[in-house]
Each structure stands twice: as structure tokens, then as C-alpha cells.
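>>> what's the 3D shape of this:
(chains A, B, C and D)
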Number of protein chains: 2
Amino acid sequence: MESNPNIVGVASLIGDPSRAAMLMNLLGGEALPAGELARVARITPQTASSHLAKMVEGGLLVHEFCGRHRYYRLANAEVGQALEALNAIALPKKIRSLRESDQSKTLRFARTCYDHIAGEVGVALTDRLISLGVIEESGRDFSLSQEGLARIRNFGVPVEDLQKTRRHFARQCLDWSERRHHLAGSLGAAVTGRLFDLEWISRIPGGRAVRVTREGFKGLEAEFGIKLRR
Amino acid sequence: MESNPNIVGVASLIGDPSRAAMLMNLLGGEALPAGELARVARITPQTASSHLAKMVEGGLLVHEFCGRHRYYRLANAEVGQALEALNAIALPKKIRSLRESDQSKTLRFARTCYDHIAGEVGVALTDRLISLGVIEESGRDFSLSQEGLARIRNFGVPVEDLQKTRRHFARQCLDWSERRHHLAGSLGAAVTGRLFDLEWISRIPGGRAVRVTREGFKGLEAEFGIKLRR
DNA sequence: GCACTACTTTGATAAACGCCGAAGTGTGGA
DNA sequence: TCCACACTTCGGCGTTTATCAAAGTAGTGC
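Next up, the predicted model:
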């Protein structure tokens, strides 16, 4: 009677301490190298490699080659949601304190993902850049239009310098809390850096959460037409 | 720093073939006796008993005594959602027989996901409620509009009572067969309950599949403008 | 070419866990 | 009271699998 999908496979993949540790570290949406994942799971690289291969095989992760590094990331937003759903039922009945719920909201609103901005703000910015014709979805990346280049440079980001680096220029990065993509790569990092320089956003100490300043709300609306609630 | 990696416990519980078979049979939301669960998992009662104890311990199931029988059911709606979410990312398994294919089709068309309706019908209803302006996507929940509240109450669901409960009011639940979201939470459950009361849908014995009655087809079209094939 | 780094493959080991037979507990009916 | 039934607990057996050491592959820089 047991019907279609092979829920057993994915669940047992997630149900191993080392693999779960790696998955939790990938929940930010960024891609991480195998060695880094081995470190966070506290296992040797060869063991990690075996786990990673299984998770790719099982459709949880995808890998990207980049020189002698191998970057792994969650295969899609559904994987992130499944992990979140498991997290929801895993929490021991410990009552979710208001404090914790607040932290979670803050994190969903705006956070750094590696070195670029993610969460509601990150996705809103990315969406707006698309609808303004600055960037355009192009496979796993974004491409920057001619007008877009001018606009971004005008915003204070030295675009030309970025394109020289070996790093991916404008990557799509999975945002699991919004189930959408946001702008990553060297362009995403540079834009985010500019937001910090302008003091439109500032780090909330002790984590990855980010606060949008009063000038930030005004600036984002004036410069890009982004209206944020709150 | 990493928050509760207790996800491992629940995931490894689900990641066993016998336990997964039992859980899938409980996804309909009904309570089943231990013996029946042993049968569907094709294991001896003593093995099943051990599994069931672990799942209760792990917070996936609750048990109710009834004479010399012991009924088990899913602990809460979140468990159902997690199972659906895992289904959504699980690679489809090869279908062996025509019979199995038929069952699968029926399940894809309409089924209960713990206590609310899922499948093609569940998603169609949810979509229609959105386009009618009754509900609106809002983060990982739905929000109910003023007109929506009136409309739902008019449909025979005591909305005000639901909002008092501690449970999530209108949750988005990932639908594995449609790869979309359907309405869950106490509102989803109440609407589904109303559909059962009106006899627009009825359970197909022996599983979580649901049949849409002749009145159901007519009613769903008249009340919401939902046109279902078949 | 050579060393260095990042990662994978192979093979062996040890621990974990699902499984069933046998025996135990508690309920319901004659 | 006795037996049937539903389920659980206990003890052992066997398979699965996570783990690391050692060796292999491939990209990078001198």
C-alpha cells in the first residue's frame, strides 16, 4: 500500500548527526566548500565527502566546481522548507519564548548571507533590480545590463573592478525563508558593502541579523523605489 | 551557536522503512490500533510496538487507550506538515503496478493531510480563495481579509472561534503532489471539516484518499467557481 | 617538474539498530 | 476462574552504516 515517494531515503539522509550539521549550515542559502562542511560537522574530509555524495545522490544538495574547491548548496527551496518543518517538530516542548520568536522575525527580515544581504530585504532589493531592468535572471546567475552597469556605478559601486576578479560576478543565491533568490556573488557583496558604508544597514551584534536604519528606509525608497513594511 | 540539532532525532525516526510506512498510514489524521499499523508495515506486533514507543517518545505520535486496544495517531498538525514537506523533496519511486498507479492518481487528486484537504482539490481551493481575495499569502501564513472573513463565515465556518485557539490560524502547507501550497492550520482544518459535513467530500476507506461527491463538484463550482476535471 | 592543497575512493573496523521468538502484562468475555 | 486477545518487554542475532587511515585524482603556484 505504501505509495509513491521515497520519503525514507531523504529522512534517513537528514537523520544522521554529521549530515544534519552540514545541512543546518547550508540553510543560509550560501554554497560552502566540502572542507568547511567537514569542519562544522567535526568529521574528517573523507567521511564528509561520502556524506556529501549521498546527499547529492538523494537530491538534497547540488555541487558546483570552482577550481580545486567543490561547493555544495541546498538543491532547492523545498529542501530548506522541509528542514524547517522538521525543526518545528524537533523543538522540545520548550515554549518558544517571545525573545526567540522576535529573533527569528528579525532574521527573516534582514540578515547577511556570507557577505551579501538576504531575507525579506535582500529579496525585495533583488526583485526591484530585476523590475528596473538592472539585472536579469540568466541560468544560475544574473546578468547586468548596460543601463544597469551605469546605475550601479552611479550608486557608488566600482563595477569594473569586480568583473576582473575570479569570483562569480552575480550569482543567484537561494533564500529559504522567502523561497526566492537574492543577489549574491561579488556584485551582491559589493552592493551590500555600499549599503553598510552608507549606513543604510548595520549589523546587530551577536549574529547575522541586520538592522535597516532610518536613512536606509528612506534611501532604499528614494534610490530604488523599495517600500519596506516596518 | 547552531540552534537545536535535535532535528536528527525526528528525521532518523522517519527514516526507517517500517516507521515511515506507519506514519504514511496515519497521515490521514485518523487514529489506528497498533496491530493494524504492524500489518501495514509488514512487521510483527512486537517490532511495531518498539517502533511506536520510540515515535511517541520522539513526539511524533500520541497514543490513546481504548479497552485492550491502543490507538496511535500523529501528535499534531506540524508532524503532518513535516511529512508532506519530506514527500515534496523525495525522489519519486518507480510505480510497480497499474493498481498502484490508480491509487496514486486518486491520492494526487484529493487526500487529507492530517486534518485539512490536499492534492489537486486542496490546491485548487486554495488558489481560488486567493484569487477571490478571501486569503492572501503573507510570509509563511495566509492572512484572511475582511470580506474573506464574512465569506468563510457565510460558508458555515465559525471563524471567530478558530482565532482564539493557540494553533496556527492559516498556515501554508507544501503539497508534494502539486509542488504548490495549500491552506492548512485551524482554518484549513475547519473548512475541510465543513466539506465533510456538507458531504461534498468523503473518505475512501483504508487510506487518506478522499472522494469528491457529485454534490461536491456542483457545490465547489457554485460556491467558489472551482471547476474540477473528472 | 615538483610540492602543496582540496577533495574523493577504497578498505577495514566497530557500533548501532531493526528484527523476531519467547515470555510477560492487562483487559474483556464465557 | 479460565481463556482469548491486544499489546509490550526482554534477549539474541544479523545487517547496515558511520567512521578513519591510506592511497588516488586533480587543480594551483613556484
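
>>> Contacts for stretch A:127-140, please.
With contact meaning CB atoms under 8 Å, 6 or more residues apart in numbering or on different chains, stretch A:127-140 is reached by A:126, A:142-145, A:147-148, A:151-152, A:170-172, A:180-181, A:183, A:224-226. Every C-beta, even on glycine, is put in place using the N, C-alpha and C of the backbone.

>>> how about it: buried residues?
A:127-130, A:134-135 (16 or more other CB atoms under 10 Å in any protein chain shown).

>>> What of stretch A:187-200?
A:187-192, A:195, A:200.

>>> ok, back up a step: which of the buried residues of stretch A:127-140 lies closest to B:Leu23?
Distances from B:Leu23 to the buried residues of stretch A:127-140, taken as CB to CB, are shortest for A:Asp127 (37.9 Å).

>>> mind checking pLDDT for that closest one?
Per-residue pLDDT puts A:Asp127 at 94.

>>> hmm, back to that, okay if I get the buried residues of stretch A:187-200 as a markdown table plus distance to DNA strand C and secondary structure?
Shown next, in a markdown table, are the buried residues of stretch A:187-200 (distance: CB to the nearest atom of the strand, whole Å; DSSP: H, G, I helix; E, B strand; the rest coil):
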| residue | distance to DNA strand C | secondary structure |
| --- | --- | --- |
| A:Leu187 | 23 | helix |
| A:Gly188 | 21 | helix |
| A:Ala189 | 20 | helix |
| A:Ala190 | 24 | helix |
| A:Val191 | 26 | helix |
| A:Thr192 | 24 | helix |
| A:Leu195 | 29 | helix |
| A:Trp200 | 34 | coil |
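
>>> before we move on, the earlier item: restricted to helices, list the contacts of stretch A:127-140.
A:126, A:147-148, A:151-152, A:224 (DSSP state H).

>>> what about chain A, any weak spots by pLDDT?
Within chain A, the stretches with pLDDT under 70 are A:1-5, A:91-100, A:164-166, A:230.

>>> Domain-wise, how is chain A divided?
Split into domains by automatic domain parsing, chain A comes to A:7-78, A:101-224.

>>> Indicate whether the longest one makes contact with DNA strand D.
Translated: domain A:101-224. No - residues of domain A:101-224 contacting DNA strand D under CB under 7 Å from any atom of the strand: none, with a closest distance of 8.0 Å.

>>> Nearest the geometric middle of chain A, what residue?
Residue closest to the mean C-alpha point of chain A, counted by CA atoms, centre = their mean, is A:Gly29 at 3.2 Å.

>>> How about the contacts made by that residue?
A:73-74, A:80, A:113, A:118, A:173-176, A:182.

>>> could you measure A:Gln105 against B:Gly207, distance?
Quick fix: residue A:105 is Lys, not Gln. Separation of A:Lys105 from B:Gly207 (CB to CB, to the nearest Å) stands at 39 Å.

>>> Point me to the residue of chain A nearest DNA strand D.
Residue nearest to DNA strand D within chain A: A:Gly67 (2.7 Å; CB to the nearest atom of the strand).

>>> Pick out whichever of A:Lys105 and B:Gly207 has more residues nearby.
B:Gly207 (20 against 13; other CB atoms under 10 Å in any protein chain shown).

>>> I figured that one was touching B:Gly28, is that so?
Yes - using CB atoms under 8 Å, B:Gly207 is in contact with B:Gly28, at 6.4 Å.

>>> Quickly note the distance from the closest residue in space to A:Asp115 that isn't next to it in sequence to A:Ala41.
Closest residue to A:Asp115 apart from its sequence neighbours, by CB to CB, 6 or more residues apart in numbering or on different chains: A:Ala189 at 4.3 Å. From A:Ala189 across to A:Ala41, the span is 26 Å (CB to CB).

>>> Having no further points to raise, I will conclude here.
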